[in-house]
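Student: Please work out how this folds:
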Amino acid sequence: MMNFTEEDLDHYLQNQADLRHRQVSKSVEDVQKIIKDLTAEISSKDARFQSIANSGVHNDSFKDQPALASKWSALLRGRCTFNPAIQVLTPTLFLISVPVRGLMGYKERRARQWRYYTLSGSHLLSPVREPEKLHQWLELESFANASQEWHDTRLAMEGDIVPAKVVTVFKEQVEAAIKTCRLTEKVCVLESVGSVVRVAVETSEAQIEVELVPTVELMNCWPKRAHWPRLLQRWPSTERTRCIKSFGFNLMATSNYHWLLSFSRAEQVLLGCIDEDGGYRRKCYRVVRQLKEDVWCPGSKPVITAHHLQTLLFWTCEKYPSSRDWRNLRECVLRLVHKLHKCVSQRYLRHYFVRTYNLLKYTNTNELDDMAKKISDFLENPHTYIH
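Tutor: The predicted structure is shown next:
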């Protein structure tokens, strides 16, 4: 087996990963401007939806908590230029959470057990299936102050805020805003299955597929099913963990009845501050991400996305918490590749915060097997790919 050197890796980063970063940054800039204009127009017509300019700590619901915004800025100053609402899954596939307004004072409560309604409002004889581990019901009573607009029967049913109904209303607003903002040459709504709003956005770099998801942003609270940090966990530090949890979590409208738990702000802080001790964790992640996109799992809709790799990196950081474990870039890259190969081969990758959920549960097994074979070929002769 011919191995690669640190010099090979630096060259690979400069010629491949850095080029990707510049292209993606330009695409994000173009998409962000267009979607910001689009969501600002939507907000002017339906105040339940906010502009993405108001996402995260800038959400209108948190204007009375300036300490959170200051803490966020201090943590990510100079480290993260992307809007916190935007997740880059691949260079041509973005996920953008669109914050909602009018749901204040969230408190997790035990939801009633059975629902017997359909999305059209008819009655079922047997109950709707219960949510999976990364999903939950969302009741109006969970909020101390839910504006009257959310009691609208177009959004709620039997006391539940129904994600599929929220998405239907939001999609109507998206279609109208595209025409009002005269963006028909740059943005078009794509056909989609289920409760999803997908649009194609033309940028100077490429056509980007964007999934727009209405999102309830919840600060200063943490879901009970996310048992984190774990007992005897050494990474990240106790102080950093406490800080991360203060940024809360999101509930995203991605299915018919149940809301998806998302920890995008927590993940952004973890990744942004990951090399405070001078290690090579982020460089390692960039190399593996580039190999994944170029060789192992290319294409616009791969089975393994940047989010999967990010999750794998967090688990590896937790297993190897010492800074000395991240000082040799070549060893770090090979370690992460071996771990990725194991996850793909076993078709199992635990969610970082809700560890009982397998992120690969519904992925295409044939594509995972094909990727495992490509990673195995890489490990036999990595110098062929990095030189």
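Student: CA only for contacts and neighbour counts going forward, please
Tutor: OK.
Student: Tell me the helix or strand right after the worst-scoring helix or strand of the chain on mean pLDDT.
Tutor: For the chain, scoring each helix and strand by mean pLDDT, DSSP states H and E identifies helix 66-76 as the least confident one, at a mean of 66. Once the chain leaves helix 66-76, the next helix or strand it forms, by DSSP states H and E, is strand 86-90.
Student: Leaving out sequence neighbours, find the closest residue to Tyr106.
Tutor: Phe143 (4.4 Å; Cα to Cα, 6 or more residues apart in numbering).
Student: All the helices of the chain, in order from the start?
Tutor: Under the criterion DSSP state H, the chain carries helices at the ranges 6-12, 18-45, 66-76, 163-180, 238-246, 264-272, 281-291, 306-319, 329-346, 365-380.
Student: Highest mean neighbour count across those helices, which stretch is it?
Tutor: Highest mean neighbour count among the helices of the chain (mean count of other Cα atoms under 10 Å): helix 281-291, with a mean of 21.
Student: Name the strands paired with the longest strand seen in the chain and say parallel or antiparallel.
Tutor: Scanning the chain for the longest strand, with DSSP state E as the assignment, gives strand 207-218. Using DSSP bridges, the strands paired with strand 207-218 in its sheet are strand 93-99 (parallel), strand 197-202 (antiparallel), strand 249-252 (antiparallel).
Student: Next, the angle from the longest one to helix 163-180.
Tutor: Angular relation of strand 93-99 and helix 163-180 on a 0 to 180 degree scale: 100 degrees, by axes from the mean of the first three to the mean of the last three Cα atoms, to 10 degrees.
Student: how far does strand 93-99 sit from the chain's center?
Tutor: Its chain's C-alpha centre lies 8 Å from the corresponding centre of strand 93-99 when counted by Cα atoms, centre = their mean, to the nearest Å.
Student: Next one: the closest residue to Phe314 other than its chain neighbours from Lys224, what distance?
Tutor: For Phe314, ignoring the flanking residues on the chain, the nearest one in space by Cα to Cα, 6+ apart is Tyr352 at 7.1 Å. Using Cα to Cα, to the nearest Å, one gets 14 Å for the distance from Tyr352 to Lys224.
Student: Same check on Leu183?
Tutor: Here the distance between Leu183 and Lys224 works out to 42 Å (Cα to Cα).
Student: Those two - which one has more neighbours?
Tutor: The residue with the greater number of neighbours, taking Leu183 and Lys224 and applying other Cα atoms under 10 Å, is Leu183; the counts read 15 against 10.
Student: tell me the contacts of the more buried one?
Tutor: By Cα atoms under 8 Å, 6 or more residues apart in numbering, the contact set of Leu183 is empty.
Student: same deal with Gly299?
Tutor: Neighbouring residues of Gly299 by Cα under 8 Å, 6+ apart: Glu293.
Student: And the contacts of the longest strand of the chain?
Tutor: Among residues not part of strand 207-218, those counted as contacts by Cα under 8 Å, 6+ apart are 27, 31, 49, 56, 91-100, 103, 106, 166-167, 170, 196-202, 247-254.
Student: ok so, going back, any chance of TSV for the helices of the chain, columns distance to Ile208?
Tutor: As requested, the helices of the chain are exported to TSV (distance: least, Cα to Cα, whole Å):
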stretch	distance to Ile208
helix 6-12	25
helix 18-45	8
helix 66-76	26
helix 163-180	16
helix 238-246	30
helix 264-272	20
helix 281-291	18
helix 306-319	16
helix 329-346	27
helix 365-380	23
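Student: Which among those is found nearest to Leu124?
Tutor: Evaluated with Cα to Cα, these place helix 163-180 nearest to Leu124, the distance being 17.4 Å.
Student: Work out the gap between the closest one and the centre of the chain.
Tutor: 21 Å.
Student: Mind giving me the packing neighbours of it?
Tutor: Based on contacts counted as 3 or more Cα pairs under 8 Å, 6 or more residues apart in numbering; DSSP states H and E, the elements that helix 163-180 packs against are helix 18-45, strand 187-189, strand 207-218.
Student: what does it contact?
Tutor: Residues outside helix 163-180 that contact it (Cα under 8 Å, 6+ apart) are 38-39, 41-42, 45-46, 49, 119, 154-156, 184, 187-189, 195-197, 213-214, 252-259.
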